[in-house]
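Peer 1: Predicted model and sequence follow; I will ask about them next.
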Amino acid sequence: KRHREASQGSVTGKGSHMAKTLIKNGKVISTTGVIAQDVLIDGETITALGAPGFFTDEGCDTIIDAAGKYVIPGGVDVHTHMELPFGGTFASDTFETGTIAAAWGGVTTIVDMAVQRYGENVFDGLAEWHRKAGGNCAVDYAFHQIIGGVDDESLKAMTYLTEHEGISSFKLFMAYPGVFYSDDGQILKAMQTAAECGAVIMMHAENGIAIDVLVQQALARNETDPKYHSYTRPSPLEAEATHRAIVLSHVAGNVPLYIVHMSAGDALNEVAAARHNGRNVFAETCPQYLWLTLEETLGQPGFEGAKWVCSTPVRSKMHDPDYIGIMGHGHQADLWKGLRMNELAVVSTDHCPFCFKDQKELGLGDFSKIPNGIGGVEHRMELIYQGVVAGELSLERWVETCCTTPARMFGMYPKKGVIAPGSDADVVVWDPNTKTKIGINDKHHMNMDHSAWEGWVIDGKVDTVLSRGQVLIQNDQFLGRKGHGQFVKRGLSQYLV
């Protein structure tokens, strides 16, 4: 058997097969504590946790020394858009490149959005996503189903997918008329169907009808720069749509409602009120809303701001009456507070990358034609850990919002999202003593020609990543392969009130 010793002496291995792996001397983080424990893995599964030194090295094929480091569940990113068609182009990450980037970021499971646009067939859209992803993923993957055309056929498909295909969540849009938009009646029908079959309704909550008016008025005034993307999607229209979705979910029978990519404090207040009233209403936010402001991104001179065009938009601090200094502005402070208070249950990325050249440039002279999306699947674990460093979150809450709750919310727990006997051996060793510099010439593995996080330095590092017992990242090398990732058939949500 070949013997390999890591360059830093942290990992030793024998042979090329993965049988027994021991991760020792680390601190395991769960939602309830940080405990010094060793983790024993047999094949693809965690078999036991023990007190430090409880397991001997004997009989182990691979030993990972996690001294001075944290041992956390593999990240679960429940909102990605690999190869998404949008605005005459496609998101630049394939399932292969996107899941390799995910692995570099400590993410071992993604849930991507299969697409049915208005006038299309749900089953055709799902089949196309299986074709794109099958055999190409470096980490495990699952699907939500976008319903862009609510009619009798798609409503029947919702029930079938939930009961037979392991797809138990459906995304609707209150924005993008003519492509994905559903009116209130269609939303109510879809929610009623979800209530019957136990599915979760995910909602892009922005008043798209009003936004389209504001966009056309801005263009008529020759306001064409990227910053007007945000100004024409003001936060009250996110809050109004959020409120409307919550009311409809209540009328439909307290159907589980999950608001995606929440960017604004006034929208968060609607979710907090619903949760106070005992409703099955949940929300996610993304790193760009927690850390970035319009002024330093969309508001950059010329067309540079196009790099940060996404919907919901990055918010302005100048147009916010509650600017509060160190954490940016009122919206950001509210969102961090929401994460602490579980008004926001999950951090995802809405990963939807486009290159600046030839893709974002489609909107030169007309911000409404800039493809919407930011690449982030590689950096979520890093950027939310930086919130821990900044005192915004606890280590436990980092793991809860990025690993455990996403798995529970979307029916993958305890297979995913936790370090426990019987769970998949999806494990990240995190080094809090080493910095990570993000940038196109630094840490950057997404298939795009720029980074939305250029120059950011994180006070921690993804050290080692295992997916179902297989080492994917170690010693700054990718050791995985496309095709390792398996499709995860999900059950119903395990997070309902």
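Peer 2: Yep, it's here.
Peer 1: drop to CA atoms for contacts and neighbour counts, all remaining ones
Peer 2: Fine.
Peer 1: Number of residues surrounding Val213?
Peer 2: For Val213, the count of nearby residues is 11 (other Cα atoms under 10 Å).
Peer 1: How is it assigned, secondary-structure-wise?
Peer 2: At Val213, secondary structure determined by DSSP: H, G, I helix; E, B strand; the rest coil is helix.
Peer 1: Which pLDDT value belongs to it?
Peer 2: Val213 carries a pLDDT value of 98.
Peer 1: Pull the contacting residues for it.
Peer 2: Under the criterion of Cα atoms under 8 Å, 6 or more residues apart in numbering, Val213 has no contact partners.
Peer 1: Near Pro236, how many other residues are there?
Peer 2: For Pro236, using other Cα under 10 Å, the count is 15.
Peer 1: I'd like to know how far it sits from Ser263.
Peer 2: 11 Å (Cα to Cα, to the nearest Å).
Peer 1: residue ranges with poor pLDDT in this structure?
Peer 2: 1-18, 319-329 (pLDDT under 70).
Peer 1: hey, what's in contact with both of Pro236 and Ser263?
Peer 2: With Cα under 8 Å, 6+ apart, Pro236 and Ser263 have no common neighbours.
Peer 1: State the number of residues packed around Pro85.
Peer 2: 13.
Peer 1: same check, this time on Gly105
Peer 2: 27.
Peer 1: Then Gln116?
Peer 2: Counted with other Cα under 10 Å, Gln116 comes out at 23.
Peer 1: check contacts around it.
Peer 2: Val122, Asp124, Gly125, Leu126, Gln145, Ile146, Ile147, Gly148, Gly149.
Peer 1: most surrounded residue in those residues?
Peer 2: For the contacts of Gln116, neighbours tallied by other Cα under 10 Å; top is Ile147, 29 neighbours.
Peer 1: Touching, that one and Leu172? I think so.
Peer 2: Yes. With contact defined as Cα atoms under 8 Å, Ile147 counts as touching Leu172 (5.7 Å).
Peer 1: Find residues that contact each of those two.
Peer 2: Common neighbours of Ile147 and Leu172 (Cα under 8 Å, 6+ apart) are Phe180.
Peer 1: Burial check on Gly59, number of neighbours?
Peer 2: 10.
Peer 1: what helix or strand does it sit in?
Peer 2: When elements are assigned from DSSP states H and E, Gly59 belongs to no helix and no strand.
Peer 1: Helix, strand or coil: sort out Val429 for me.
Peer 2: Assignment for Val429 (three-state DSSP): strand.
Peer 1: quick revisit: tell me which of the contacts of Gln116 is nearest to Thr464?
Peer 2: Nearest to Thr464, judged by Cα to Cα, of those is Gln145 at 31.9 Å.
Peer 1: for that closest one, phi and psi?
Peer 2: Per-residue torsions, Gln145: phi -120, psi 120 (degrees, to the nearest 10).
Peer 1: What's the local residue count around the closest residue to Gly376 other than its chain neighbours?
Peer 2: Excluding the flanking residues, the one nearest Gly376 by Cα to Cα, 6 or more residues apart in numbering is His351, at 5.2 Å. Number of residues near His351 (other Cα under 10 Å) recorded here: 25.
Peer 1: repeat for the one 4 residues further on
Peer 2: Neighbourhood size, Cys355 [other Cα under 10 Å]: 22.
Peer 1: And for the one 5 residues further on?
Peer 2: Number of residues near Lys360 (other Cα under 10 Å) recorded here: 26.
Peer 1: Most widely separated two among the contacts of Gln116?
Peer 2: Between any two of these, the greatest separation by Cα to Cα is 14.1 Å, found for Leu126 and Gly149.
Peer 1: pretty sure the residue nearest to Gly376 contacts Glu378?
Peer 2: No. Contact between His351 and Glu378 fails when scored by Cα under 8 Å: they sit 9.1 Å apart.
Peer 1: how about the strands of the stretch 251-400 of the chain, start to end?
Peer 2: 257-259, 281-285, 346-347 (DSSP state E, counting those that start in this stretch).
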